[in-house]
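Have a look at this prediction, sequence included:
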Amino acid sequence: MEQLFTKENQLIAIVIIGTLLLFLMGGALLTFFFFSRKKIVEKELEKKTLEVNHQKEMISSIIVTQEKERKRIAQDLHDDISAKLNVINLNANLLKDGELKPEEYTFVNDAILKATDKTLESARKIAHNLLPPILDKFGLKEAIEELADSFSNSRKIAIDYNLEYPKAFLSKAKELHFFRIIQELINNSVRHGKAKNSQLIFKTENNNLLFTYTDDGIGFNASDQKHQKGLGMKNIESRVTLLAGNYSITSKPNQGFSIEIIIKNTLT
């Protein structure tokens, strides 16, 4: 009887120990799951925070770029338009007074006509910079060709291009963004890169638009944050983001500059 009782106690003890082990294992698993889940959540939060910060940087860059454009336009209006209108106004008042000799009348009248012609030319230039008429009327390919040719003719930089761009592949709004990107790239090559030659290439592949721009300028260290965070590059990055595209940069000191941009055709 005592032996049977002892066996029963042993069985009870085994069951209790087994149950405790199961509870301990379950607790360990729950603890492991909790901390693992916590790490996953922390990683996700960190990723979301980085994405939000990146979006904030993009928005900030767009605002800075817009303000820079507004300042430039205001300066153009003040220097090119207001100044010339003042000249016209002064000369018109001289004519109004009517106290001019015939030769003075002719001189003042000629001055008004010249100032008027220059004012009209300045107004056309400002309007062209805001929205190139050729881009609106004929599309991105023709606008880029005109832009590249104008730089080449000015002898600031020689631009070679091969543009396999299907008409209306992107929406008009996206074409304008892309045009601004190319303007920024060429201006950077001239002002900062001191480049003499550059190349523009457009091609489509798997319903994607592939754009490559290269120059033979002084280049820079592409991993240097100072260059990556510069206003020009932030402006380009902002517009690529608006186009829902991706880009990669290759550059080394004294080895030129290259950027590749890939845009999916969404027609939005």
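Structure received.

domain parsing for the chain?
1-130, 132-268 (automatic domain parsing).

what's the average pLDDT for the first one?
Read that as domain 1-130. If you average the pLDDT over domain 1-130, you get 73.

Just the strands from the stretch 151-268 of the chain, written as ranges.
Per DSSP state E, counting those that start in this stretch, the stretch 151-268 of the chain has strands spanning 158-163, 197-205, 208-215, 246-251, 257-264. These are given in chain order.

centre of the chain versus the fourth one, how much separation?
Per Cα atoms, centre = their mean, to the nearest Å, the displacement of strand 246-251 from the mean C-alpha position of its chain is 13 Å.

Could you spell out the sheet neighbours of that strand, each with its direction?
Here strand 246-251 is paired, per DSSP bridges, with strand 257-264 (antiparallel).

The partner strand to strand 197-205, inter-axis angle?
The directions of strand 257-264 and strand 197-205 differ by 20 degrees, with axes from the mean of the first three to the mean of the last three Cα atoms, to 10 degrees as the criterion.

Strand 257-264 to strand 208-215, inter-axis angle?
Note on geometry: by the same axes, to 10 degrees, strand 257-264 and strand 208-215 are set 170 degrees apart in direction.

Pull out the CA atoms of strand 257-264 and give them to me as CSV.
Output of strand 257-264 as CSV, limited to C-alpha atoms (Å, rounded to 0.1, in the frame of the first residue of the first chain):
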residue,chain,number,x,y,z
PHE,A,257,29.3,63.3,-63.2
SER,A,258,26.5,60.9,-64.2
ILE,A,259,22.9,60.4,-63.1
GLU,A,260,20.3,57.8,-64.1
ILE,A,261,16.6,58.4,-63.5
ILE,A,262,13.9,55.7,-63.9
ILE,A,263,10.3,56.8,-64.2
LYS,A,264,7.3,54.4,-64.5
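
ok, so what distance separates the most centrally placed residue in the chain from L242?
Central residue of the chain (Cα atoms, centre = their mean): I236, 2.4 Å from the mean position. For I236, the distance to L242 (Cβ to Cβ, to the nearest Å) stands at 11 Å. C-betas here are computed from N, CA, C, even on glycine.

Most tightly packed of the domains of the chain?
Mean neighbour count (mean count of other Cβ atoms under 10 Å) peaks for domain 132-268 among the domains of the chain, with a mean of 17.

Touching, T204 and K167? I think so.
No: T204 lies out of contact with K167 (Cβ atoms under 8 Å); the separation is 11.7 Å.

just for the stretch 101-250 of the chain, where's the confidence low?
The model of the stretch 101-250 of the chain has pLDDT under 70 over residues 128-129, 225-231.

which residues in it form helices?
102-130, 133-138, 140-153, 172-191, 225-228, 231-242 (DSSP state H, counting those that start in this stretch).

now the ones you listed in JSON lines, with distance to D160?
Listed next are those as JSON lines, based on distance: least, Cβ to Cβ, whole Å:
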{"stretch": "helix 102-130", "distance to D160": "24"}
{"stretch": "helix 133-138", "distance to D160": "20"}
{"stretch": "helix 140-153", "distance to D160": "8"}
{"stretch": "helix 172-191", "distance to D160": "12"}
{"stretch": "helix 225-228", "distance to D160": "25"}
{"stretch": "helix 231-242", "distance to D160": "21"}
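
Minimum distance to G256: which of those has it?
Each of these has some distance to G256 by Cβ to Cβ; the shortest is helix 172-191, at 9.2 Å.

can you give me how far the closest one is from the chain middle?
Counting by Cα atoms, centre = their mean, helix 172-191 is centred 8 Å from the centre of its parent chain.

which residues make contact with it from outside it?
131-132, 135-136, 139-140, 143-144, 147-148, 151, 156-157, 159, 170, 195, 198, 200, 211, 213, 215, 217, 232, 235-236, 239-240, 242-243, 257, 259, 261, 263, 268 (Cβ atoms under 8 Å, 6 or more residues apart in numbering).

one more time with 6 Å, if that's ok
Helix 172-191 has contacts (Cβ atoms under 6 Å, 6 or more residues apart in numbering) with 135, 140, 143-144, 151, 156-157, 195, 198, 213, 215, 217, 232, 235-236, 239, 242-243.

With F33 as the reference, measure out to the nearest residue to Q255 once chain neighbours are set aside.
Among residues not flanking Q255 along the chain, G219 sits closest, at 4.9 Å (Cβ to Cβ, 6 or more residues apart in numbering). G219 is 51 Å from F33, where distance means Cβ to Cβ.
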